Structures are given as C-alpha cells and as structure tokens.
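> A predicted structure for the sequence below; I have some questions about it.
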Amino acid sequence: MTALRWRDVTLSKRGRRILDRISLSAGRGEVLGIIGPNGAGKTALLRCAAGLEGREHGYQVEIGGVAAARLSPSARARAMAYLPQQAEAAWPIPAADAVALGRLPHGGAGTEADRRAVAGALDAVGASGFSQRPLSTLSGGERALVLLARALAVESSVLLLDEPAAALDPHHQLAVMDLLRRLAAEGRTICVVLHDLSLAARFCHRVAVLHAGRLVAEGTPESTLTDALLDRVYAIRGVRDRIDGAHLLVPWERLPPSSGA
Amino acid sequence: MAARRAARGWMLLATALMVAAHGAGAGDLPVRRVVTTNLCADRLALELTDRKNVVSVSRFAADPAVSTVAAAAAGIPVNQGNAEDIVALHPDLVVMGAFNSHLAAAMLRSLGLKVHVLPLAESIGQARAAIRGVAAELGVPEQGERMVAGMDARLAALPVRGRPIRAAVYQAGGWSAGSGTMADDLFGRIGFANLAAEAGIVGFGALPLETLVASSPELIVLESMGDGPPSVAGELLRHPTLSRNIAKVSVPMRLWACPDPALVDAAALIAGAAP
Amino acid sequence: MKKWLPEPVMALLLLGLIAASASIGTTRLTAWDMLAANSGIRALAGTVVLDIRLPRTVLAVLAGASLGLSGAVLQGLLRNPLADPGVVGVSAVASLGAVLAFYFGLWSVAAGGIAGGLAAALLLVALAGRNAGTLTLLLAGVALSSFAVALTSLALNLAPSPLAAFEILFWLLGSVADRSWEHVRTALPFVLGGWALLLTTGRGLAALTLGEDVAHTLGIDLGRLRLAAIVGTALCVGGSVAVTGSIGFVGLVVPHLLRPVVGHDARRLLWASALGGALLLLAADIAVRLVAVGQELKLGVATALVGAPFFLWQVLRMRGTS
C-alpha cells in the first residue's frame, strides 16, 4: 500500500508557480530522495505533505491511502513527522526535553512508552551522551542530531526530513543515512530532501527529481540520474562507479547551461 | 513776622486736623466701591454692607451651591480676579482671599489701591477676627459686631453632649480634618471627639480607613453622600465597613468654607445628627 | 538525586504571606485579636481583618497570579523573554478601557478593562507578526502604552468628576488599598475564566519552542493557541486591571526568576509563574503597607523598583545577541 502520495499537486505563491502538477508516491519500507537544484520546489513539496503549505490540497495528499484532509490534526501528527531545514529552538531546553516534545502527538504525558521512545531516538542518532545539555550549548551538528531524534521519537510511519544531514560531519552524515535505511527496513517510509547527489545516489531506494516546480524524473538512482538528466537539470557531469553493490556518483564538472529544459 | 509764622503754623494744624478728620470720617462712612475677588470676601461684603456698595464680585458669589448670598449677588458684575479688571473698576477697597494673594495684592497696592486680604480661619476665634477685620475696612464696624454677637449667641445655644460623640470628617480619598482646623474647633464646641485629631493628624490629612474603623466612629461627617460622578476616591466613602452602624451626616461645603455665621449652621447639623 | 520542588515551597510561602497580610495594617490589630476575650476588640478585629485587609490580600493574589501567568504565556507565544502584559502594552490599554467605563459610565468597569486588553493583545499579535523580534515587540509595546497613557490622561481630564484628574496615579501605577469584596466579586469571574484559558496553552507553548512549523506538525492548532492566549490574557489582566489599576513588571520578572528553578517546560512554568506572581505582588503590597509614612505608596512603584532594573539588566544581556 502506498504510504504517501501526492496527487497532481500544484502550488502558487504570489503569482509564482512553485509546484506544477506533481504526482508522486512513496511506499512502505522505502527511502525516497527528493532532489533538484535550488528553488526547484523540494522543500515546498515536503511542506505540502506535512500540511504546512497548500492546505487547499488537503484532498490531494494521501497518507496511508486516506486523504490528509480527512485526518484529524492529532491523527496526522501521529502518522507523520516533519523535520524542517532550519533548526529553531526558542529556549535553551535540555536535548532530552526537546526530543520528548516529539511525544506530544501521543499525549506527551511522560509515560513509560514516552520514555522508551525518547531514549531509543537519542540512542539511534548517537546523542545519548549529551542528552542533558541545553540545546544552546550544542554545536550545529549535535543540535541537528537532537532535532532528528525529536522527529524519530514521534514513532510515525512516515518521516519527512528536509536536509537532515546538511550540518553534519561526514561520519555523522553516513550514520544518519544508515539510520534512515534501517528505519525503512523496519517498515517506515522516509521522504528526504537532499542536496548531496552522492548521498542520494547511494542511500535512496528511489529518487524524484524536481526542476522549476515540475517532476522531471523518478525511479531508482541508477536509472534516473543519467548523464543527460544531470546535464539538463544541474548542468554538470558526474563520475560514477559501483562499489559493493552501491551506486557511487560524484559531481565532477560544470557544463555550459543547456538551452533545453 | 512772628504773626505770619503763627498763622502758617495754625493753617498747618488746621489742615492736619481736617485731613485727620477726613480720614477718620472716611472710617465712619461705609466704603462706596468695593470689589471682592473671592467667595468668602463676596459673602462677607454682601452680608455686612449694602448691595449697592459692592461693585464687583467673584464668579462664585451667585452660585447657590457654594454661596450664601447668591440672591444678593445676582446682577452684580463678575470679575476674574486679575489686576487689569480690578483697576478698571476704580475701587475704593479690594477684598481678596488668602490664596495666590500676595503677588496680586502687592501689584494692586503699588497701583495705589487699598487691598484687604481675608485670612484663613481655622477656628471660631479666627473667624471673629476675620469678620471684624473686614467690617472695619468696609466702614461698618458695628455691623461686624452684630454679626459676631449673633454668631456667638447661636453657638452658645447649641446642645453640648454629656459624653463626647466620636466623629470624624471624611472626604473622598480619606481626607480628614485633624487638629487645628475649623472642623476640629466646631467639634470641640459641641462636645464631640475628633477621631482624626486623636489619630495624630494635624491640619488636613489622609485618615486611613482601617484607623478610622478601628477607632469605633459613631458619626462620619461627609460633604456629600457620594451620589456625584464616579471617582476612585469617592468609592472609598462607599466601603462596606463605613455603612454599618455608623451614622452619617452630609454637611455641604458652603457651610464651612468661610469665616462667617454659616459655620454655626454646620455645627448645628453635626450636633443634630449624632445618634 | 531528589530534586527539590519549588512549587510546594512557593505555595506554603504564599499561605504564610496571606496570614501575615491579615495582620498588617495601619492599626495594631492582628488576626489573633479575632479570638480576643473582649467582644468589642473581637468585633473590631473581625471588621478590620475580614473586610479591609482580606479583600486587598485576595486582590493582590488574583492580580499577581494573572500577571505572572499571562507573562509566561506571552513569552512562550511570542518566543521572546521580554514579553509581559505591561511591556507589550496590554495593561495600559486595559487601564484605558477601564477608565472610559468607570468615569463615563459607559459599561461595567470589568468589561472596559477586558475590551481594552483584547484590543491591545490583538493589535500586538498583528503588529509583532509571526516571529516577534525583540525590537519589533518593544516598539509595538511602547507605541501602544504611550498612546494608551496619553488617552487615559485626556479621559481623566475630561471626566465629569473633578477628582478624576488626580486619580491618574491609581490607574497608571495600581493599588489594592481600600478595595472591598465588591471589587473582588467584580474581577473574580473574569480572572478565573482567563486562568482557565491560559492554562490550556501549556502544551502548545511547549511545542512552539521548536518553531511554528514543527508545532503544527505535532498536531497543535496554532490559531486556537493564539486565541486562547489572547482572550485569556485579556480576561484575567483586563479584569484585574479594572479594579486595581495597571501594575507592571510582574509578568516580566516572575518567569525569568523561575526558569532556572523550574526549567523551560511551558506546562510547568505556567503554573509556577501564576504562583510566583501572586507571591510577588502580595509581598509588594505588604511592603507598601509596612513602609507607609503618610500616604501609602502605589503598588506599581514597588514592582517597578524591582522590575525596572531587572528589565534593564535583561536588555543589556541581550545587547550582543539581538
């Protein structure tokens, strides 16, 4: 069953077309990478699914086969966790308390189940060591991990993550991507916006390529991230290889912008 | 030569006598053009001397809410109390109140006018002196004596209580009259105990509600019963602790605003209201 | 490691202050005198304690708790530690509403205060926008407050009562002196209603720590949250300002003092701030009674003496980070 589906979603803001008739779906057990150049609409697509944008499309986003508009806010909150690109924390609360906020859709009363979920989430991202420190004292990377743990603590079936690895060092980048694969293997659905083509190519089961608000390609990274596509969408050429069965793709050379697309 | 010197001497003496006689004579005749610039001066002037001798009064003279001579004052031109208006009236005598008076009085005197400043009276004794002073200046000393005598007679006729009634003046905001005020003097003359003076207030001061209530007042003297326009200070007078078992009497401000016989009416009201 | 809980301590302290407040006044009567042998003293003590001291005590508790609670809520909603009903102008406009109602007999004084508080809170959320930066917030508050104070002064001068013009200090600085049970009855339903609304915002405010987007995806209805905060503040602050005048700084100081002890969890902070606000204002009222030489000081003077330097210190601390 399709865990998450966008049906013909169009979004305009102040006269500009941000998303143009996007139809896309993500299944259970899958890591779907949403990629594309700056301003392609990746974040907007994710926010649509999260219910933050384009509320008029309530019937065009389906979660677990049910139109999002039919779900109560709390049901939707339990079904889907969202991690925005910009980390925001108004008060210097301890990391563990920040993660515990992810239990609010389940009542947030501090039950045993809540405690287990929080501890598990902190463990999964490797943040247990600094869980009592206030967020304001953590480095950018540490804070990013804690906020990711917050999203995990919701224990939702769908995870919408906007650039979860952007602030992390290579070690933690790989750790996070491995974690996402593991979560997918457990049956969750992960939709992740990525800037890093290498990560997308290696870790995503499927990728969806957005360009100027349109979905120009989707499929496995190997079949989708062709030279022609890279030229058309990014105006680059990449070098590829296969290592241990995983797809290696590294952007290598800039090309003059093509006239088409 | 000696005769001419003697004649000049006699002429000087005669002139001096005539001037003195003129001065003394002026003291015996009522002053013709009197200007009063404050309420108490208005009231005394119109009560002591003929209406036709009063050329101008203050704007309060015709207001029955504060004036006891409102009927007599009707029709008399009103002055605003400033030097220009007064000088233009060519008065023989200007009677002013104690507030803001020294600058204005000095100015008027420097312009050659005769000015009498009515002092504040904080006791019946001072009121008598004030009445006599104005009467003398107005050239009607016998009227003054009559007024004082009448006032004293009525005062003496007021009932005096066997035991002191515990009373206090209480105005909006808790303002009360302590020792050394006219109210205090009147209370003493009718045999009342002034709770504000007991609390240590000298002159006018704020009497805390708690202190008042704790001193077991029997009578509270208000200016009005508080039906006027709303104010926070006025709300204090309607506090529930002042409503139970405490008699109240409303004594209009006009009765004790000035050193004149209306004071006895105030005293009579208070004496009559005691439980 | 057992962490000591400040809330029970504060509650006990509050009960202690209430007992003390019943025995402090301009006379030497204490609460014990209500059990005296002499029936005259018993009666007097009863009147003084129950009808003069207790109403003002209760009002100080109601107003203080309202100010502390709404301060914590506004800070959580606007995500700014400088928000408080006085700073953002809610108290000043509520005071204006109450003045218009009281002196011109337009409507009940509580309704006036609440209408004023509502107008200010709505205007504030509109002016300060989504993410109220400190500068925007303070400017909006200054604008609202100054305007409200000017209009209040004008209204008092135009009021039918000649005493009105002298009462500006009451409305601008606040006082619970000489207030009776009637005033408590006037304010009580609105204060309680406001508290009820404000205490429902704890969960939403906690979620708001991570930003509006995350809060939304955690299932919080932001529109309802804002409405509850605005209406709740208007009810309890407006209702208490109507009978005590505008008292400042309580909502600013109390959450700040409590955060190191109670933590940043909005749910816990709300209750603690209500308790702390009641404590602070009652303490200020007792202090004002104890140092009274001649006329009693207005309550707002005491809170400003503590709060204004505190506020300045906060601004200095934020200089680098704003």
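On my side now, so go ahead.
> need the contact list for the residue nearest the centre of chain C.
By Cα atoms, centre = their mean, the mean C-alpha position of chain C lies nearest to residue C:67, the distance being 2.6 Å. By Cβ atoms under 8 Å, 6 or more residues apart in numbering or on different chains, the residues touching residue C:67 are C:84-86, C:237, C:240, C:247, C:250-251, C:254, C:277, C:281. Quick note: C-beta positions are derived from backbone N, CA and C, even for glycine.
> looking at those residues, which are in helices?
Applying DSSP state H to the contacts of residue C:67, the entries found in helices are C:237, C:240, C:250-251, C:254, C:277, C:281.
> okay, buried residues for stretch C:151-164 please.
For stretch C:151-164, the neighbour count (16 or more other Cβ atoms under 10 Å in any protein chain shown) marks C:151-153, C:155-156, C:159, C:161, C:163-164 as buried.
> among those residues, which two are most distant?
C:151 and C:163 (19.1 Å; Cβ to Cβ).
> still on that earlier bit, now cross-check the buried residues of stretch C:151-164 against chain B and list the overlap.
C:159, C:161, C:163-164 (Cβ under 8 Å from any Cβ of the partner chain).
> can I get the residues you listed in TSV with secondary structure?
Formatted as TSV, these follow (DSSP: H, G, I helix; E, B strand; the rest coil):
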residue	secondary structure
C:159	coil
C:161	coil
C:163	coil
C:164	helix
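> closest to residue B:29 among the residues you listed?
After measuring those against residue B:29 - Cβ to Cβ - the closest member comes out as residue C:163, at 46.1 Å.
> is whichever helix or strand residue C:226 is part of positioned near chain A?
Using DSSP states H and E, residue C:226 falls within helix C:222-244. No. Counting by Cβ under 8 Å from any Cβ, chain A is not contacted by helix C:222-244; separation bottoms out at 10.0 Å.
> packing partners for that helix?
If you count contacts as 3 or more Cβ pairs under 8 Å, 6 or more residues apart in numbering or on different chains; DSSP states H and E, helix C:222-244 packs onto helix C:54-78, helix C:90-104, helix C:109-128, helix C:181-199, helix C:202-208, helix C:212-217.
> which residue does the stretch 101-250 of chain B have closest to chain A?
residue B:232 (40.2 Å; Cβ to the nearest Cβ).
> now do the strands in the chain.
Since you didn't name a chain, this refers to chain A. Here chain A has its strands, by DSSP state E, at A:2-13, A:16-27, A:31-35, A:61-63, A:66-67, A:80-83, A:158-162, A:189-193, A:206-211, A:214-219, A:236-243, A:246-254.
> think we crossed wires, I meant chain B
Counting by DSSP E, residue ranges of the strands within chain B are B:34-36, B:54-56, B:93-96, B:115-117, B:165-169, B:175-177, B:192-194, B:204-206, B:219-222, B:247-250.
> mind putting the ones you listed into CSV with distance to chain A, mean neighbour count and mean pLDDT?
Formatted as CSV, the strands of chain B follow (distance: least, Cβ to the nearest Cβ, whole Å; neighbours: other Cβ atoms under 10 Å in any protein chain shown; pLDDT from 0 to 100):
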stretch, distance to chain A, mean neighbour count, mean pLDDT
strand B:34-36, 72, 29, 93
strand B:54-56, 73, 24, 93
strand B:93-96, 68, 25, 92
strand B:115-117, 70, 19, 92
strand B:165-169, 56, 23, 94
strand B:175-177, 51, 24, 92
strand B:192-194, 61, 23, 94
strand B:204-206, 47, 16, 91
strand B:219-222, 56, 20, 92
strand B:247-250, 58, 15, 90
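> can I get these in a markdown table including distance to residue A:193?
Listed next are the strands of chain B as a markdown table, based on distance: least, Cβ to Cβ, whole Å:
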| stretch | distance to residue A:193 |
| --- | --- |
| strand B:34-36 | 92 |
| strand B:54-56 | 91 |
| strand B:93-96 | 89 |
| strand B:115-117 | 91 |
| strand B:165-169 | 80 |
| strand B:175-177 | 74 |
| strand B:192-194 | 85 |
| strand B:204-206 | 71 |
| strand B:219-222 | 78 |
| strand B:247-250 | 80 |
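> and chain B, which residues reach chain C?
B:172-174, B:205-206, B:208-211, B:213-214, B:216, B:228-236, B:239-241.
> now, of the residues you listed, which are buried?
B:172-174, B:205-206, B:208-211, B:213-214, B:230-236, B:239, B:241.
> quick check: residues of chain C near chain A?
Counting by Cβ under 8 Å from any Cβ, the residues of chain C near chain A are C:79, C:203, C:206-211, C:213-214, C:216-221, C:259, C:263-265.
> do that again at 6 Å, thanks
Along chain C, the residues adjacent to chain A under the rule Cβ under 6 Å from any Cβ of the partner chain are C:79, C:207, C:209-211, C:213, C:216-219, C:264.
> could you dump those to TSV with neighbour count and pLDDT?
Output for those, formatted as TSV (neighbours: other Cβ atoms under 10 Å in any protein chain shown; pLDDT from 0 to 100):
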residue	neighbour count	pLDDT
C:79	21	88
C:207	26	95
C:209	23	94
C:210	25	94
C:211	19	92
C:213	21	93
C:216	21	94
C:217	29	95
C:218	27	96
C:219	21	94
C:264	22	89
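> and of these, the nearest to residue B:96?
residue C:79 (65.3 Å).
> so what's the closest one closest to, chain neighbours aside?
With sequence-adjacent residues excluded and distances taken as Cβ to Cβ, 6 or more residues apart in numbering or on different chains, residue C:79 is closest to residue A:90, at 3.9 Å.
> touching, the one you found and residue C:210? I think so.
No. The criterion here is Cβ atoms under 6 Å, and residue A:90 misses it with residue C:210 at 7.9 Å.
> residues in contact with stretch C:83-103?
Here stretch C:83-103 makes contact (Cβ atoms under 6 Å, 6 or more residues apart in numbering or on different chains) with B:230, C:70-71, C:74-75, C:106-107, C:109, C:112-113, C:115-117, C:119-121, C:124, C:141, C:144-145, C:148-149, C:151-152, C:155, C:159, C:164, C:171, C:237-238, C:241-242, C:246, C:248, C:251-252.
> right, I mislabeled it, should have said stretch C:189-199
Looking at what lies outside stretch C:189-199 - Cβ under 6 Å, 6+ apart - the contacts are C:62, C:66, C:69, C:73, C:110, C:228, C:231-232, C:235-236, C:239-240.
> returning to that earlier point: where do the contact lists of residue A:90 and residue C:210 overlap?
Common neighbours of residue A:90 and residue C:210 (Cβ under 6 Å, 6+ apart) do not exist.
> returning to that earlier point: turn the strands of chain A into CSV, including mean neighbour count.
What follows is the strands of chain A, written out as CSV (neighbours: other Cβ atoms under 10 Å in any protein chain shown):
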stretch, mean neighbour count
strand A:2-13, 18
strand A:16-27, 17
strand A:31-35, 26
strand A:61-63, 23
strand A:66-67, 14
strand A:80-83, 26
strand A:158-162, 24
strand A:189-193, 26
strand A:206-211, 23
strand A:214-219, 17
strand A:236-243, 12
strand A:246-254, 13
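> I'd like the ones you listed laid out as a markdown table, including distance to chain B.
Listed next are these as a markdown table, based on distance: least, Cβ to the nearest Cβ, whole Å:
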| stretch | distance to chain B |
| --- | --- |
| strand A:2-13 | 54 |
| strand A:16-27 | 58 |
| strand A:31-35 | 65 |
| strand A:61-63 | 59 |
| strand A:66-67 | 59 |
| strand A:80-83 | 53 |
| strand A:158-162 | 57 |
| strand A:189-193 | 62 |
| strand A:206-211 | 66 |
| strand A:214-219 | 69 |
| strand A:236-243 | 76 |
| strand A:246-254 | 75 |
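> beta partners for the closest residue to residue B:59 other than its chain neighbours?
Closest residue to residue B:59 apart from its sequence neighbours, by Cβ to Cβ, 6+ apart: residue B:78 at 4.9 Å. Beta-bridge pairing for residue B:78 (DSSP bridges): residue B:57.
> for residue B:78, the count of nearby residues, please.
15 (other Cβ atoms under 10 Å in any protein chain shown).
> which bits of chain A sit near chain C?
So far as Cβ under 6 Å from any Cβ goes, chain A lies against chain C at A:50, A:52, A:73-74, A:77, A:82, A:84, A:88, A:90-91, A:93, A:101, A:104-105.
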